[in-house]
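**Q** Dropping a prediction and its sequence here:
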Amino acid sequence: MVRPFARKPPRDDIDESDLEVGGEAHAAAGKTAVAVALKRAVEQMGPSRTARTLLKLNQVDGFDCQGCAWPDPAAGHRHAAEFCENGAKAVTEEATRRCVDRGFFAEHPLAALEERTDYWLGQQGRITEPMVKRAGSTHYEPISWDDAFTLVAGHLRGLDSPDEAIFYTSGKTSNEAAFVYQLFVRAFGTNNLPDCSNMCHESTSVALAETIGIGKGSVSLEDVHDAELIVIAGQNPGTNHPRMLSALEIAKQRGARIIAVNPLREAGLVRFKNPQTPRGMVGPGTALADLFLPVRINGDLALFQGLAAYLLEHDAVDHDFVAAHTEGYEAWVEHLRQVDWSEIERATGLTRAQVEEAGEMLRTSSRTVFCWAMGLTQHRNSVATIKELVNLALAQGNIGKPGAGLCPVRGHSNVQGDRTMGIWERPKPEFLDALQAEFGFDPPREHGFDTVDSVKALTDGRARVFFAMGGNFASAVSDTEVTEAALRRADLTVHVSTKLNRSHVVTGREALILPVLGRSEKDLTGGREQRVTVEDSMSAVHASKGPLEPASEHLRSEVDIVCSLALATLGAAYEIPWADLRADYSAIRRRIANVVPGCAAYDEKVERPGGFVLPHPPRDSRTFPTAVGRAIFSVVPLDVLAVPEGRLLLQTMRSHDQFNTTIYGLDDRYRGVKNGRRVVFVNPDDIRHLGWEDGDLVDLVSEWDDGSERTAPAFRIVAYDQPIGCAAAYYPETNPLIPLDSKAEGSNTPTSKSVVVRLQAPGGGRAGVTRPAGVDVEHGHKRATDPIQQS
Ligand SMILES: Nc1nc2c(c(=O)[nH]1)N[C@H]1C(S)=C(S)[C@@H](COP(=O)(O)OP(=O)(O)OC[C@H]3O[C@@H](n4cnc5c(=O)[nH]c(N)nc54)[C@H](O)[C@@H]3O)O[C@H]1N2
Ligand SMILES: Nc1nc2c(c(=O)[nH]1)N[C@H]1C(S)=C(S)[C@@H](COP(=O)(O)OP(=O)(O)OC[C@H]3O[C@@H](n4cnc5c(=O)[nH]c(N)nc54)[C@H](O)[C@@H]3O)O[C@H]1N2
Ligand code: SF4
Ligand SMILES: [Mo]
């Protein structure tokens, strides 16, 4: 059954000449958010499907939102509409009635699809049957599931070593699928399990594992509600974790204060109009940040050191906690005695008075929660920065007590669960021991490739097969040209996907697209109604079951695809009962219970309404499973990225209308952008100083230590308030600017938030750092004086 196309056909590709800018919002959500969400949903799903789908979203008996990893309220405390505008968009993207079938692939040669943006590709609709691109062919053509598995298995068995295959995961994969996937990959013989986390919160996981002994956050939703102070650094919750604003609202109503640390005055940090309350729909909403610190990009390490110095100066230290639970305090204090305030002011772009105002709020709070996301994790010194943040929390004992703790806010809806289930290129020996005891084979012990190393291995021929469980590797990884060339060198690329994206059209010699059930759809694998489970950003695990008929009768679940591929590749080796695991996901959950720490009685515990919370020793009992059994203060040298004269420090971020490389639409409502994405936000004084004007069309040119340069062409300058020397533009359009080797020390995360660029007249060669005299520049965009759409 291939369903008819939706009533509203997809838009044609992006036409940047329609760009309108101006009128940033000063509040997030409200009426407009509800209207936008429902309009999109009805356009693509129709009214009754919209209702059926959205009312099951994030409900105890429903399915988990495909958007971000923000947790749900406890069972019994949920609204009938327990989702946000962007959650509704995420669901619509998957539950759309638009489809791409074999006719589509016959009509569109790969060469034509390569000219399209991720926006156009995604809009075409759900993939309906397995497709293959044969060696030398110009088109994808249909292939049966059995032939597809035989093809992949043949390639895998033909490799000289299992380490020549790479198995990527994006963070939507369920716990059940992730568990059988890593089991298959390790039984096959490699730890090459890179994931999106390598580009995301890896710096967090590394910093937390080294300091508190576990790479996850230490708070619950109740802790956020009960905090006296909440610090939100490097995060844009209004767009990327919108229901976090409901939690912040509750905290504010209970008297909490909020410090926002961000180069941009994001609407969702300023004010929240909760669509679930009359005050939010028609009233003024709730003011959020009490103190806004417009930090310079990459200035957070310096800021945290300034805050620490202030706390030490006022002896605002929980000495009992420090004595009982930590190590390294004296050395840290000694190091911070030497802070140089002029250096801190220069690095942060803030005055000492601003930093001290925040310091005083910290000093007087007895319960502080620290939240952060990509603004902290995607810099060269990210691991160091997060360790300094941990120092701040440890000094005041803000961990392992109610209303306080560390709250890294995760991205993809199950990225944390995938790691828990063993998707990791550097698995712990104990995890592999447990796998060995349960399944009786000897898993590989050497570490595998992360995402950056995977690109390198494909580039130099050490890897020849690339298999992706979801995601969009070509667009998501840095250094687009290098990454795409790497994928093209593969013998075989395979994508298990719901919708088309760039990675399907940048193929190896042979390529497969394997269409998969989404979370909103009924999974009847093995002839019974299956459920899956997921883990949110606060370590809560719960079940998810989709209500909709699948987009096509040919779709299979991720579990089915993995187990079938394992049978085709490994046969009866090791006697792992792939067919039984495939037929009943409870059988997988019983294995998870035996292998994964904290998951005893897993199948029973996920039956409970709302599920259960995984153990977290620092949160639960102030025990710190580090090598020394205590939390560790880190001495971190102050290290600030130097930007040469005439250059800007560019961060690459998300618009309000995208989910990573999935582009839902062309508006960034809160930042006042409409109908376009190729914009670069620059401080008006910098625009003037560099000789440009608001509206000029420029190329972005990045400059690197090795003397190399990279160009991303044709961005419109948009005057936008932010610290001097900073700039911002959307990802993935900016990924061509970031060299593969530019990554965070200790975590290998691409430095997506610290790119030194100059603006250059289009096609302008290696010109000066300011606008070259006498060069004609295309100019102008529509600039509104009123907000484009009031919130
Ligand atoms: N709707 C929607 N939701 C999403 C996603 C999406 O694309 N769309 N993506 C999901 C994923 S995978 C992730 S990881 C999260 C990402 O969630 P975020 O981390 O909120 O995403 P970004 O857009 O990268 O925004 C980074 C924020 O950090 C700020 N920032 C940049 N550089 C610095 C800096 O040096 N210091 C400080 N203090 N701030 C800085 C930026 O101004 C911006 O506000 O969202 C998840 N949720
Ligand atoms: N410059 C720059 N680069 C970045 C970032 C940045 O801030 N700046 N952020 C980084 C971050 S935080 C992340 S997490 C990565 C994201 O990297 P990825 O996770 O690789 O990318 P996504 O865009 O989330 O993947 C979207 C694709 O997933 C597939 N998909 C959707 N739903 C499902 C499903 O249910 N099952 C399966 N199997 N497939 C599905 C669809 O085909 C869709 O096109 O990008 C990173 N790259
Ligand atoms: S906050 Fe995140 S998980 Fe919750 S509904 Fe919105 S997008 Fe979905
Ligand atoms: Mo992410």
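**A** Looks like it came in fine. Ligands and ions are numbered 1, 2, ... in the order given.
**Q** Look up phi and psi at P732.
**A** Phi and psi for P732, reported as degrees, to the nearest 10, are phi -90, psi 0.
**Q** now do the one 3 residues further on
**A** Per-residue torsions, N735: phi -60, psi -30 (degrees, to the nearest 10).
**Q** ok, now which ones touch it?
**A** For N735, the contact set (Cβ atoms under 8 Å, 6 or more residues apart in numbering) comprises 475-480, 483, 652, 752. Bear in mind the C-beta positions are built from the backbone N, C-alpha and C, glycine included.
**Q** For those, work out which two are farthest apart.
**A** Within the contacts of N735, two members stand farthest from each other by Cβ to Cβ: T483 and T652, at 14.8 Å.
**Q** Next one: stretch 740-756, is it in contact with ligand 4?
**A** No: Stretch 740-756 does not reach ligand 4 (Cβ under 5 Å from the ion); its nearest approach is 10.0 Å.
**Q** one step back: adding secondary structure, write the contacts of N735 out as CSV.
**A** What follows is those, written out as CSV (DSSP: H, G, I helix; E, B strand; the rest coil):
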residue, secondary structure
S475, helix
A476, helix
V477, coil
S478, coil
D479, coil
T480, helix
T483, helix
T652, strand
S752, coil
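**Q** For the residues you listed, give me a markdown table that also has distance to P684.
**A** Output for those, formatted as a markdown table (distance: Cβ to Cβ, whole Å):
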| residue | distance to P684 |
| --- | --- |
| S475 | 31 |
| A476 | 32 |
| V477 | 33 |
| S478 | 29 |
| D479 | 31 |
| T480 | 30 |
| T483 | 35 |
| T652 | 21 |
| S752 | 25 |
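**Q** Which secondary structure state is assigned to the closest residue to ligand 1 within the stretch 501-650 of the chain?
**A** Residue of the stretch 501-650 of the chain nearest ligand 1, by Cβ to the nearest ligand atom: L649 (8.4 Å). Under three-state DSSP, L649 falls in the strand class.
**Q** do you know how far it is from F715?
**A** Separation of L649 from F715 (Cβ to Cβ, to the nearest Å): 16 Å.
**Q** quick one: which of these two has more around it?
**A** F715 (27 against 23; other Cβ atoms under 10 Å).
**Q** Hmm, R489 is touching A457, no?
**A** No: at 10.1 Å, R489 does not count as touching A457 under the criterion of Cβ atoms under 8 Å.
**Q** Of those two, which one has the most company?
**A** Using other Cβ under 10 Å, the more surrounded residue of R489 and A457 is A457, with 21 against 17.
**Q** any chance of the contacts of N735 in CSV, plus pLDDT and neighbour count?
**A** Listed next are the contacts of N735 as CSV, based on pLDDT from 0 to 100; neighbours: other Cβ atoms under 10 Å:
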residue, pLDDT, neighbour count
S475, 98, 23
A476, 98, 26
V477, 98, 29
S478, 98, 30
D479, 98, 21
T480, 98, 22
T483, 98, 26
T652, 98, 25
S752, 98, 27
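**Q** Mind listing what's buried along stretch 516-524?
**A** Neighbour counts over stretch 516-524 (16 or more other Cβ atoms under 10 Å) mark 516-521, 523 as buried.
**Q** Pull the residues that contact the longest helix seen in the chain.
**A** For the chain, the helix with the greatest residue count under DSSP state H is helix 30-45. For helix 30-45, the surrounding residues in contact (Cβ under 8 Å, 6+ apart) are 6-8, 50, 53-54, 84-86, 88-89, 91-92, 95-98, 242, 273, 275, 280-282, 285, 664-665, 669, 789-791.
**Q** Among the residues you listed, name the buried ones.
**A** The neighbour-count test (16+ other Cβ under 10 Å) marks 6, 50, 53-54, 84-86, 88-89, 91-92, 95-98, 242, 273, 275, 280, 285, 664-665, 669, 789, 791 as buried among the contacts of helix 30-45.
**Q** What separation do you get for V613 and ligand 3?
**A** Using Cβ to the nearest ligand atom, to the nearest Å, we find V613 at a distance of 17 Å from ligand 3.
**Q** S174 too?
**A** Where ligand 3 is concerned, S174 sits at a distance of 15 Å (Cβ to the nearest ligand atom).
**Q** Skipping adjacent residues, who's closest to that residue in space?
**A** V532 (3.5 Å; Cβ to Cβ, 6 or more residues apart in numbering).
**Q** Please state the backbone phi and psi of that neighbour?
**A** phi -120, psi 170.
**Q** what's the neighbour count on the closest residue to ligand 3 within the stretch 301-450 of the chain?
**A** Nearest residue of the stretch 301-450 of the chain to ligand 3: S413, at 6.1 Å (Cβ to the nearest ligand atom). Around S413 there are 26 other residues, counting by other Cβ under 10 Å.
**Q** Contacts only, for it.
**A** Residues near S413 by Cβ under 8 Å, 6+ apart: 64-69, 171-172, 534, 536.
**Q** Likewise for L435?
**A** Counted by Cβ under 8 Å, 6+ apart, L435 has contacts 183, 186, 422, 443, 595.
**Q** Of the residues you listed, which are in range of ligand 1?
**A** Among those, proximity to ligand 1 is found for none (Cβ under 6 Å from any ligand atom).
**Q** Output those residues as TSV; include the columns secondary structure and neighbour count.
**A** Shown next, in TSV, are those (DSSP: H, G, I helix; E, B strand; the rest coil; neighbours: other Cβ atoms under 10 Å):
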residue	secondary structure	neighbour count
L183	helix	27
R186	helix	25
G422	coil	25
P443	coil	22
V595	helix	22
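**Q** Just give me the closest of these to P550.
**A** Nearest to P550 among those, with distances taken as Cβ to Cβ, is L183, at 25.3 Å.
**Q** Look up the closest residue to the residue of the chain found nearest ligand 4, ignoring the ones flanking it.
**A** As assessed by Cβ to the ion, ligand 4 sits closest to G411 within the chain, at 2.7 Å. In space, and not counting its chain neighbours, G411 is closest to C200: 5.1 Å by Cβ to Cβ, 6+ apart.
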